[in-house]
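Enquirer: what follows is a predicted protein model with its sequence.
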Amino acid sequence: MLDVKVICIGKLKESYLKDGCGEYIKRLSRFCRLEIAELAESLLPDSPSQAQILSCISKEGKAILSKIPRGHLIVPLCIEGTPLSSEELSEFIEQGAAKGATGFSFIIGSSFGLSDEVKAAADLRLSMSKMTFPHQLARMMLLEQLYRAFQISSGGKYHK
């Protein structure tokens, strides 16, 4: 069974997001060993300087990179990434597994984004959309798309 790790900056706050993520976590248990790693968000003042922001995302980046298991393909979610269809995401996962990846680490940064180090380590930079979503909602959307990808690969009826 494939390992999937979702590394997130910050915790889920809204109960509806916790419930939604919980549902997809339960569904994904049939297809993979899923781990959610919630890392602490760096605290910044209300109007941070660019230097403070860069320091923050650098610190978060080091924490993120330390949580990625050896052998995982690294997939940060970032606006400048490549948008994939559900079928293409399914194919990416299938091909990665076929090439010997032990798992996948999907990364959701803070509202300030991800460090250049995290982006440079990527096997695929993934864009969910050109639209901006709250990072907590992005987590639920990612889990749903992972479930959909595994359903596509297994010939399930979920994806239409």
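Expert: Alright, I've got the coordinates. Numbers count the residues shown, from 1 in each chain.
Enquirer: partner strands of the lengthiest strand in the chain and their direction?
Expert: Secondary structure of the chain per DSSP state E: the longest strand is strand 72-83. Sheet pairing of strand 72-83 (DSSP bridges) gives strand 103-108 (parallel), strand 126-127 (parallel).
Enquirer: what about those, which gets the closest to residue 149?
Expert: strand 103-108 (10.1 Å; CB to CB). Just so you know, the C-beta spots here come from the backbone N, C-alpha and C atoms, and that holds for glycine as well.
Enquirer: can you list contacts of the closest one?
Expert: 2-9, 32-33, 64, 67-69, 71-77, 93, 96, 114, 118, 126, 135, 138-139, 142, 146 (CB atoms under 8 Å, 6 or more residues apart in numbering).
Enquirer: mind checking the longest helix of this protein?
Expert: The helix that spans the most residues within the chain, counting by DSSP state H, is helix 135-154.
Enquirer: circling back: how far is the helix or strand that comes right after the longest strand of the chain from where the chain is centred?
Expert: With elements assigned by DSSP states H and E, the helix or strand that comes after strand 72-83 is helix 86-98. How far helix 86-98 lies from its chain's middle: 15 Å, per CA atoms, centre = their mean, to the nearest Å.
Enquirer: let's have the chain start at 198 instead
Expert: Done: numbering now begins at 198, and the last item shifts to helix 283-295.
Enquirer: give me the angle between helix 283-295 and strand 269-280.
Expert: Put simply, helix 283-295 runs at 160 degrees to strand 269-280, going by axes from the mean of the first three to the mean of the last three CA atoms, to 10 degrees.
Enquirer: what's the angle between helix 283-295 and helix 332-351?
Expert: Using the same axes, to 10 degrees: helix 283-295 against helix 332-351 is 70 degrees.
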